[in-house]
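Undergrad: Below: sequence and its predicted model.
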Amino acid sequence: MPDEGAPATVPETRLKALRAGMGPVEVIGRIVTLTPREVTRQSDGSRRRLLSGLMSDGTATVRFTWWDPPSEGVDRGTVLRAAGAEVREFRGRPELTFSWKTKLAPASPVELPTVDTEATPLTPVAELRPSDEGFRTEVRVVRVAARTVSVGEERRVVHEGVVADGSGAIALSAWSDFGLKAGETVRIAGGYARAFRGRPQLVLDERTTVVRIERPELPDPAALLRAPPRPIADVEDEGGGAIVAVEGIVVGLAPPSGLVYRCPTCRRSVVSGVCRLHGSVEGVPDLRARIVLDDGTGSATVAAGRETTESLWGVTLAEVLRRLKELPDPSRISEQMLESLLGRRLRVRGPASRDDFGLTVVPESVEAVEVDLAASAAELARRLGGSA
């Protein structure tokens with residue numbers, strides 16, 4: 001890897017000590033994530049390459065932007081020493097910028113700082129906030145599963161799930177395989193928290209330490225997954241959660257629902273044959289239902305994918321495509337779906353998040369609930385002060 005310049009000698013700084021506006025610094029860290037990009041120069045319209053990602057030294061994890069990186073490329077996991085890096089601010093946090101003034105070279109992993117995990121504060125998951133790091137937490141693994149995702153041009157395996165302690169539950173994303181299993185209790189140090197869909201998420205990478213411990217008093221995963229439904233208004237007030245259960249009546253469908261088309265590469269929705277990332281594509285047909293659920297205290301949108309939509313509606317994607325040949329009007333598909341779902345009572349479990357449009361639940365399970373009309377009438381009468 002070539003040097004990128006020859007700055008004046010500057011002191012080495014740990015990532016946790018970085019502050020926006022500091023003068024040029026020298027840092028050492030391991031590249032955790034890496035995404036190649038290109039931007040267009042406003043001056044002449046030419047393209048300029050850059051790398052962006054996360055770097056960690058065990059004391060903290062920070063974003064970095066590397067302008068005009070070496071043509072031979074850089075590998076994720078590389079330990080890098082950067083002298084003359086600038087420190088800027090990105091969304092209230094420090095970010096490193098590597099430019100032609102920065103001297104960059106590979107370093108040895110033994111040069112990374114030694115971190116005493118026992119000296120880091122023990123933090124309940126309910127107190128974790130996006131951008132938190134330098135903590136340890138003791139939790140029970142509620143569930144975990146591996147899936148393959150695209151990170152730039154690279155395909156990687158991420159282990160996703162939920163962990164919990166007595167204070168609450170939090171989503172987990174592990175970029176290394178720690179062999180986590182549902183039900184076990186572990187001590188985690190060297191991870192960091194980030195915002196995902198408006199909620200904190202615990203992220204583990206190569207610098208994270210995971211130790212099995214005995215904590216029988218931590219919550220039982222089965223009990224968390226069987227928790228009774230809560231009022232939608234309460235869940236929305238809390239901003240959602242890693243595991244929630246709500247129950248209500250289907251009062252409508254939010255667009256887009258019914259037959260949709262997705263990009264064959266990234267699975268994003270295609271509008272008029274155009275993917276916002278990959279341009280003109282041949283969309284792949286899919287089914288989805290954005291179900292509006294109301295329980296009297298508030299409403300939530302249940303973002304159901306194809307499998308859940310087919311199960312609730314009783315109509316498969318193949319049948320929808322057949323109907324479309326007979327009556328080529330996609331709006332009729334969503335109308336038929338609404339006719340089937342309207343007024344049904346559903347119990348939904350899964351992660352929930354809140355944004356400017358309200359509460360959204362991504363269902364992991366959906367159950368149809370039979371409505372006891374006599375009991376409902378009695379309850380309504382009681383609320384109105386009458387008799388059943």
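TA: Ah, there it is. As the structure is a prediction and not an experimental result, all values here were calculated from the model. Numbering: from 1, shown residues only.
Undergrad: list the contacts for R268?
TA: Residues in contact with R268, defined by Cβ atoms under 8 Å, 6 or more residues apart in numbering, are R262, C275, R276, L277. (Glycine included, C-beta is placed from N, CA and C.)
Undergrad: try it again with 10 Å
TA: R262, C275, R276, L277, H278, V281 (Cβ atoms under 10 Å, 6 or more residues apart in numbering).
Undergrad: okay, and the helix or strand of the protein with the least pLDDT?
TA: When each helix and strand of the chain is scored by mean pLDDT, DSSP states H and E, helix 373-384 comes last, with a mean of 66.
Undergrad: pretty sure E310 is touching S340, no?
TA: No. Using Cβ atoms under 10 Å as the test, E310 is too far from S340 to be in contact (11.5 Å).
Undergrad: what about these two, which has more around it?
TA: E310 (18 against 15; other Cβ atoms under 10 Å).
Undergrad: How much space separates the nearest residue to that one once chain neighbours are set aside from E370?
TA: Closest residue to E310 apart from its sequence neighbours, by Cβ to Cβ, 6 or more residues apart in numbering: T316 at 5.2 Å. Going from T316 to E370 by Cβ to Cβ, to the nearest Å gives 24 Å.
Undergrad: Show me the strands in the stretch 101-250 of the chain, by range?
TA: 103-106, 136-151, 154-165, 168-174, 185-189, 192-196, 199-204, 209-212, 240-262 (DSSP state E, counting those that start in this stretch).
Undergrad: worst average pLDDT in those strands?
TA: For those, mean pLDDT drops lowest on strand 192-196, to a mean of 83.
Undergrad: relative to strand 199-204, how tilted is it?
TA: 140 degrees (axes from the mean of the first three to the mean of the last three Cα atoms, to 10 degrees).
Undergrad: Now do strand 192-196: which elements does it pack against?
TA: strand 47-56, strand 61-67, strand 168-174, strand 199-204, strand 345-355 (3 or more Cβ pairs under 10 Å, 6 or more residues apart in numbering; DSSP states H and E).
Undergrad: thought S340 was touching I291?
TA: No. Using Cβ under 10 Å, S340 is not in contact with I291, being 11.2 Å away.
Undergrad: got the domain boundaries for the chain?
TA: Listed domain ranges for the chain are 15-111, 117-222, 227-375 (source: automatic domain parsing).
Undergrad: Distance to R382 added to these, as TSV?
TA: As requested, those are exported to TSV (distance: least, Cβ to Cβ, whole Å):
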stretch	distance to R382
domain 15-111	50
domain 117-222	33
domain 227-375	10
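Undergrad: Now do the contacts for M22.
TA: Each residue near M22 by Cβ under 10 Å, 6+ apart is listed here: V10, T13, A85, E86, V87, R88, P94.
Undergrad: do you know how far it is from D234?
TA: 43 Å.
Undergrad: go on, E326?
TA: Distance from E326 to D234, by Cβ to Cβ: 45 Å.
Undergrad: Looking at the two, which is more packed in?
TA: The neighbour count for E326 versus D234, taken as other Cβ under 10 Å, is higher for D234 (12 against 6).
Undergrad: Let me know the pLDDT of the residue nearest to E310.
TA: pLDDT at T316 comes out at 95.
Undergrad: ok, what's across the strand from the residue nearest the centre of the chain?
TA: Centroid-nearest residue in the chain: F196, 3.9 Å away (criterion: Cα atoms, centre = their mean). Beta bridges link F196 to R199, judged by DSSP bridges.
Undergrad: show me what contacts it?
TA: Residues near F196 by Cβ under 10 Å, 6+ apart: P130, A171, S173, L202, V203, P351, S353.
Undergrad: ok, which pair from the residues you listed is furthest apart?
TA: Longest distance between any two of the contacts of F196 is 16.6 Å, between V203 and S353; criterion Cβ to Cβ.
Undergrad: Which of these two has more residues huddled nearby?
TA: V203 (22 against 19).
Undergrad: Quick check on P285: phi, psi?
TA: Per-residue torsions, P285: phi -70, psi 150 (degrees, to the nearest 10).
Undergrad: which ones are touching it?
TA: L259, V260, Y261, R262, R306, L317, A318, V320, L321, L324 are the contacts of P285 under Cβ under 10 Å, 6+ apart.
Undergrad: The second one: how many residues sit nearby?
TA: Look at V260: counted by other Cβ under 10 Å, it has 20 neighbours.
Undergrad: Across the sheet, point out what pairs with it.
TA: D286.
Undergrad: ok, it to R197 distance?
TA: Here the criterion is Cβ to Cβ. By it, V260 lies 20 Å from R197.
Undergrad: what about V32, distance to C266?
TA: Distance from V32 to C266, by Cβ to Cβ: 22 Å.
Undergrad: And those two? Which one has more around it.
TA: V32 (21 against 13).
Undergrad: The more buried one contacts D75, doesn't it?
TA: No. Between V32 and D75 there is no contact under Cβ under 10 Å: 11.9 Å.
Undergrad: Below-threshold pLDDT in this structure: ranges please.
TA: 1-10, 115-119, 151-153, 372-381, 383-388 (pLDDT under 70).
Undergrad: one step back: just give me the neighbour total for the residue nearest to E310.
TA: 14.
Undergrad: where's D44 relative to G92, distance?
TA: 33 Å.
Undergrad: Stretch 198-211: which residues count as buried?
TA: Buried residues in stretch 198-211, counted by 16 or more other Cβ atoms under 10 Å: R199, P200, Q201, L202, V203, L204, D205, R207, T208, T209, V210.
Undergrad: Name the nearest of these relative to V271.
TA: Using Cβ to Cβ, the shortest approach to V271 within these belongs to R199, at 27.6 Å.
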